[in-house]
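Trainee: give me a 3D structure for the following:
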Amino acid sequence: MNIQSIIIPIFVLGIFLYSLHKKVDVFSVFVKGAKENIMVGFDILPSLVMLMLAVGMFRASGAMDAFSELISPITDFLGFPKECVPLALMRPVSGSGALSILETILEGHGPDSFIGRVASVLLGSTETTFYTVAVYFGATRIKKTRHALPSALAGDITAFLLSALAVRLFLG
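Mentor: Residues are numbered from 1 along each chain as shown. Below you'll find the model as predicted:
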């Protein structure tokens, strides 16, 4: 038997023993927390539905492909593969949409190709920025994101551009 197989049961037992010591009704506290989290889920649901609708419309309308073609001279100059532009556009908005695009890239070019590697590094080094902002700011009822969104997007853009450079430097 190894420690990994018993760590969760030990953790749960520790919480149970601590609650007995402090005389806390674990069940009622758990139910209260679950109720609060369900309410948070209902509060952020409209933001998530709107975000998913916008992503679907963006992809289905052909706007993503048109924008990719529009900026391809810039990405070619920077050494960023044009095949990865749709992934770079989708990643800040939708993790599942980005995974779908990554799958298409890997099927078409292979995981060990330059394009496949750039796509993998890009996906692993960026965040679903708009989704995260919608969920966390929506859950906390913050209306003004102030510098959070521009800073996060600057980080994403940096990761997009440096993903191709990192693959060139470290993977040849």
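
Trainee: can we go C-alpha only for contacts and neighbour counts from here?
Mentor: Will do.

Trainee: helix or strand for residue 142, which one?
Mentor: Using DSSP states H and E, residue 142 falls within no helix or strand.

Trainee: how many other residues sit next to it?
Mentor: Using other C-alpha atoms under 10 Å, residue 142 is surrounded by 12 other residues.

Trainee: contacts only, for it.
Mentor: Under the criterion of C-alpha atoms under 8 Å, 6 or more residues apart in numbering, residue 142 has no neighbours.

Trainee: what residues of the lowest-mean-pLDDT helix or strand in the chain count as buried?
Mentor: None of the helices or strands of the chain scores lower by mean pLDDT, DSSP states H and E than helix 129-139, at a mean of 81. Within helix 129-139, the residues scored as buried using 16 or more other C-alpha atoms under 10 Å are 129, 130, 131, 132, 133, 134, 135, 138, 139.

Trainee: how about it as PDB, C-alpha atoms only?
Mentor: C-alpha atoms of helix 129-139 as PDB (Å, rounded to 0.1, in the frame of the first residue of the first chain):
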ATOM      1  CA  THR A 129      -9.400  34.400 -20.300                       C
ATOM      2  CA  PHE A 130     -12.900  35.500 -21.200                       C
ATOM      3  CA  TYR A 131     -14.400  32.400 -19.700                       C
ATOM      4  CA  THR A 132     -12.500  32.800 -16.500                       C
ATOM      5  CA  VAL A 133     -13.400  36.500 -16.200                       C
ATOM      6  CA  ALA A 134     -17.000  35.800 -16.900                       C
ATOM      7  CA  VAL A 135     -17.100  33.000 -14.200                       C
ATOM      8  CA  TYR A 136     -15.100  34.600 -11.500                       C
ATOM      9  CA  PHE A 137     -16.200  38.200 -11.900                       C
ATOM     10  CA  GLY A 138     -19.700  37.000 -12.400                       C
ATOM     11  CA  ALA A 139     -19.600  34.900  -9.200                       C
END
